[in-house]
Every structure is written in structure tokens, then in C-alpha cells.
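K.L.:
Show me how the following folds:
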Amino acid sequence: MNIEINFQSHVPIYSQVKDQIRHLINTGELQPGDQLPTVRQLAADLRVNFNTVARAYRQLDDDGIISTQHGRGTFILEPHSQKEAEQLRQLDMQRLTHYYLTEAHRLGFSPEEVRALFEEKFKQWMEDGEPPSEK
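P.N.:
This is a model prediction of the structure:
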């Protein structure tokens, strides 16, 4: 499981962990039934406080994304329906868009500059049939 923490970001670390786990589920890298690392193991791997990972796991559990079974571990749950899976996918897109716009603003780009670059890259994607590379 590949989670990368941006310690320079204004997004809280627990939220980065939670959002990246959701993203890994939405992209299929994590499947229903897959076991997540223990809170202690993931905290050690990411070099963050145990409570930070515990908070992320607790929120994912509250959202019905994972289930922690005492003595067995933490597992990805099956979405209850196709509609719920699509809602989670849409939520992932909203978070990604929010992050993109927030970081562009933080870097000092104007809305017009962001729109121009986005439209250029989107046009390339439509023409090529796949997202453009980082150039």
C-alpha cells in the first residue's frame, strides 16, 4: 500500500491518510476484503503519530469504508451497492478537485491561469484518449 504524506501541505495528516486510502479503494488498488496494516505499523511506516492513523481509521470505519475486528485486523468493506460505490468515486473526485484548486491558489495562480492550463491539458486528453504526461 503506497501512501505518501506531504508534510508541507495545509491538509491535516489524518485527512491525507484517509483520502489516500479512499483513493486506493476507488482505483481498485485496495479491494473489499483486503487487510490494512495495523495502526501502529502504518504510523511507523509513515513516521507519524499513532493517534493520527487511528483518527483516519476511525473516520473510515464511521463512514462504513473499513471494519476493524478486534484480534483479527482492519479490512476494506464491500460497498453496499453500485450507487454507494459511485458516490464514493464522486467524493474522491471532489476531494481531488478541491486539493488541486487549493494548491493552485496557495501557489499564487489566478483562476484564469488555472482554467487555461486545465483546458489545455483536458483538450490533449480528449485528442490523445489518455491524460497528458507532466510536461
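
K.L.:
Just name whatever secondary elements the helix or strand bottoming out on mean pLDDT in the chain is in contact with.
P.N.:
Least confident helix or strand of the chain, by mean pLDDT, DSSP states H and E, is helix 82-106 with a mean of 85. With contacts taken as 3 or more CB pairs under 8 Å, 6 or more residues apart in numbering; DSSP states H and E, helix 82-106 sits against helix 13-26, helix 111-128. C-beta: built from backbone N, CA, C; applies to glycine.

K.L.:
out of the ones you listed, nearest to residue 3?
P.N.:
Among these, the nearest to residue 3 by CB to CB is helix 13-26 (4.7 Å).

K.L.:
Give me the mean pLDDT for that closest one.
P.N.:
Helix 13-26 comes out with an average pLDDT of 93.

K.L.:
And for stretch 113-124?
P.N.:
Mean predicted lDDT for stretch 113-124 stands at 92.

K.L.:
Number the residues from 11 up from this point.
P.N.:
Done: numbering now begins at 11, and the last item shifts to stretch 123-134.

K.L.:
rewinding a little: do you know which of the helices and strands packed on helix 92-116 lies nearest residue 50?
P.N.:
Between the helices and strands packed on helix 92-116, helix 23-36 lies closest to residue 50; by CB to CB that is 13.7 Å.

K.L.:
and the closest one, how far from the chain's centre?
P.N.:
3 Å (CA atoms, centre = their mean, to the nearest Å).
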